[in-house]
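J.: using only what follows, build the 3D model:
(one chain, ligands or ions: 3)
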Amino acid sequence: MPGMWRAPVFSKPIFKYVMSDAPTTVLVVENDPDNAKLIQKALVGRQASAFLVECVTRLSEALERLRQGEVDVILLDLTLPDGHGVEVVDQVSKAAPNALILLLCATSDEETVCEAIQHGAQDYLVKGHVDAHWLPRALRYAIERKATEDALFEEKERAQVTLNSIGDAVLTTDLLGNLTYMNLVAEKMTGWSWGEALGRPLAEVFRIVSGEDHKAARNPAQQAIKENQTVGLASDCMLVRRDGIETAIEDSAAPIHNREGRVIGAVIVFHDVSESRFMALKMAHLAQHDFLTDLPNRVLLTERLFQAIGLARRHQKQVALMFLDLDHFKHINDSLGHTIGDQLLQSVAERLTACVRDTDTVCRQGGDEFVILLAEIEQAQDAGIIAEKLIEAFVEPHVIGGHELHVTLSIGISVYPEDGKDVDSVLQNADTAMYHAKASGRNNYQFFKAEMNTRAVHRLSVESSLRRALKKGEFFLQYQPQIDIASGAITGTEALIRWQDPQLGLVYPEQFIPIAEECGLIVPIGRWVLREACRQVKAWQDAGLPAVPVAVNISAVEFRHKNFLAGIALILKETGLKPTYLELELTESILMHDTESSKSGLEALKAMGVNLAIDDFGTGYSSLSYLKRFPIDTLKIDQSFVQDITTNADDATIVSAVIGMGRNLKQRVIAEGVETCEQLAFLRTQLCDQGQGFKFSHPLSAEDFGRLLGQGHAKTPG
Ligand code: C2E
Ligand code: MG
Ligand code: MG
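T.: Numbers count the residues shown, from 1 in each chain. Ligands and ions are numbered 1, 2, ... in the order given. Prediction:
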């Protein structure tokens, strides 16, 4: 505390006398016995003296006595019979390094005295001025002064060693801001030595700049002096070393006070925080980025979307958000392994980033889902243009580990403010739109529409009802006969699913099959249809009714399911139906997608002995070349053509072309949706093999169809 003297911790023997009542041992080395006696008298003349006085007359005697120890003060004459001048001081101080040496000399000896003091003597007493009042006091003062000096030395030494041993750098300045002290760490970190830096302005030695804009940071010492309190530095402060190298530091400055409590300077303490600042930055980055692709993650995206919406609101702009999902990524991941899958995701991330501007944010949501934030767009259509560009960019394969991988994107777009006013609704609606892109055949983009949500709710309730229907057996099949146009005989039947919902009543497949396809329920439903149809046909056969094949509709999702082939084989085995009595109706889109694997699937079915039909022929890609490539038995002309054959010349041409083509390829041709006599008459002239439609029969219950089978034919062909 300024102005108060704190007792130092003494270590040298002399100091005990300052602090305690033990007598001080004084050795008088004086060859003049009168003088010696005078001194002795002056010190011990009183009762209960504080001094024990011993006298010797020669240097040799003095040294002998000092060797025994326990001498606190030596009163030393410099002209002894066996020693003279500073040489005497040297020997005595060597023999008693801790003792206080006071010279006994004449006034004329000034030069010798000065020299002797440099050699270890503390002070001098002028011979002849020794009296009982003055001498003990002089001695006491000398002892106290030495004690204080020793304590100060120790204190300074301790501070010096401490400051050079700690890891922090320490600088001090005077009131004007000029450097007064620096420790070793400060020398190392600033690149200045104390000797060079002393007296220079702090700003020259301790150059600090802001990590953000590199502008000079405020001087903490000046502030500490001005405010008379401890101050800290800005958190991103950088120290510029003398050679220009920068180090991140953290520091504080505090004012230094004098005894009166007035500020006389400042001390700055600082240390290198490069490592912890680097770690902190790294942690912050990890928290906001995806570890695999290093793209921003969901956390950062949400933050940026929030900012973008705020800005767009103020500037009356729009923000577009795109939800992207890789089509069939799971397939690649499962078949080629996670390492290839991960590399593909990294490659996708790069390609996406390359397609957008730096100001847009490409982020990975997780799995194979990415999101792109287009922060400021003029009109919603701009997002469509970018979506097209992305789809185009994914035509090129990704070359990974020697594989050429083709992936396509399903993209959903929602736009602020039209499709959502806040972060959550914009995100949610882009996601919904993406599901629609998936449902509409993948590899395309969809803008969000309000109906999508209504549909999504409807879809969800249908989905759960379908699960229940499957469990509770609410499905049943109807059978529609296929008729030989020439003879009117029944040549086969198509099994058509129906759903008897307790609330909705009878539900037709067009209302629930697309939903079952989207949610994957079509797989167990399709399996039920197959098993039931096979079982029923076998039952008719077993009942002695004429044997006709049953046609079962197969969805693309079922066909591509990995257990599809095994499932067919198992059902045939379980029901005991001969494979030739089963025909699978596939759509053109199944064949056009992934032609190689479709071909091998169809060939495996053929090898099993199952028949294959193309349903709704003419509505898809209708190419002659693929018809030849696949092992197809039957073509079913879509009812939309048949409907108009008598009124629309184009449709008539198409139908007759298909009939001719089927004949050439030795395929059975069935006209679907035959309703009128005119349609039937036209088909007959074109030599169409078979027909199916209300003209012959509506779909019938199993019981009714069995009865019809017993009669051998449907309505008489008219
Ligand atoms: P599809 O395979 O083309 O089946 C023929 C559809 O046309 C049936 O409708 C049938 O009732 C109807 N139809 C038959 N004759 C006529 C006619 O003369 N005029 C008109 N206007 N329509 C006629 P349904 O049963 O409603 O089935 C619709 C579609 O649902 C089917 O078209 C098929 O693609 C699908 N479907 C039906 N059952 C199943 C099934 O078990 N599994 C799968 N995956 N899809 C099925
Ligand atoms: Mg069909
Ligand atoms: Mg059809």
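J.: in the helix or strand where E350 lies, what's buried?
T.: Assigned by DSSP states H and E, E350 falls within helix 338-355. Using 16 or more other Cβ atoms under 10 Å as the test for burial, helix 338-355 gives 340-341, 343-349, 351-353, 355. For glycine as for every other residue, the C-beta is placed from the backbone atoms N, C-alpha and C.
J.: just stretch 201-213 next, same as before
T.: 202, 205-211.
J.: what is the burial count for the nearest residue to Q379 once chain neighbours are set aside?
T.: Distances taken as Cβ to Cβ, 6 or more residues apart in numbering put Q318 closest to Q379, at 7.1 Å, once the chain neighbours are dropped. Applying other Cβ atoms under 10 Å, we find 22 residues neighbouring Q318.
J.: likewise A383?
T.: As a burial measure, A383 scores 24 neighbours (other Cβ under 10 Å).
J.: please settle this for me: is it part of a helix?
T.: Yes - A383: assigned to a helix according to DSSP: H, G, I helix; E, B strand; the rest coil.
J.: for it, what are its contacts?
T.: Going by Cβ atoms under 8 Å, 6 or more residues apart in numbering, A383 touches 320, 322, 374, 377, 413, 415, 447.
J.: out of those residues, who's nearest R242?
T.: Nearest to R242 out of the contacts of A383 is L374 (Cβ to Cβ; 48.5 Å).
J.: surely that closest one touches A320?
T.: Yes - in this structure, L374 is within contact of A320 by Cβ atoms under 8 Å, at 4.2 Å.
J.: the more surrounded of these two?
T.: In this view L374 and A320 are compared by other Cβ under 10 Å, and A320 has more residues nearby, 28 against 21.
J.: helix or strand: which one has that one?
T.: Using DSSP H and E, the element containing A320 is strand 318-326.
J.: tilt between the helix holding E350 and strand 318-326?
T.: Interaxial angle of helix 338-355 relative to strand 318-326 (axes from the mean of the first three to the mean of the last three Cα atoms, to 10 degrees): 150 degrees.
J.: and the helix or strand just after helix 338-355, what other elements does it pack with?
T.: Sequence-wise, the next helix or strand downstream of helix 338-355 (DSSP H and E) is strand 361-366. When contacts are defined as 3 or more Cβ pairs under 8 Å, 6 or more residues apart in numbering; DSSP states H and E, strand 361-366 sits against helix 298-315, helix 338-355, strand 369-377.
J.: just checking: what are the partner strands of the strand holding A320?
T.: As defined by DSSP bridges, the strand partners of strand 318-326 come to strand 369-377 (antiparallel), strand 409-416 (antiparallel).
J.: just name the most buried of these.
T.: Mean neighbour count, computed with mean count of other Cβ atoms under 10 Å, is highest for strand 409-416 among these, reaching a mean of 26.
J.: what's the average pLDDT for it?
T.: Across strand 409-416, pLDDT averages out at 95.
J.: then stretch 595-612?
T.: Stretch 595-612 comes out with an average pLDDT of 91.
J.: just stretch 283-303 next, same as before
T.: Stretch 283-303 comes out with an average pLDDT of 92.
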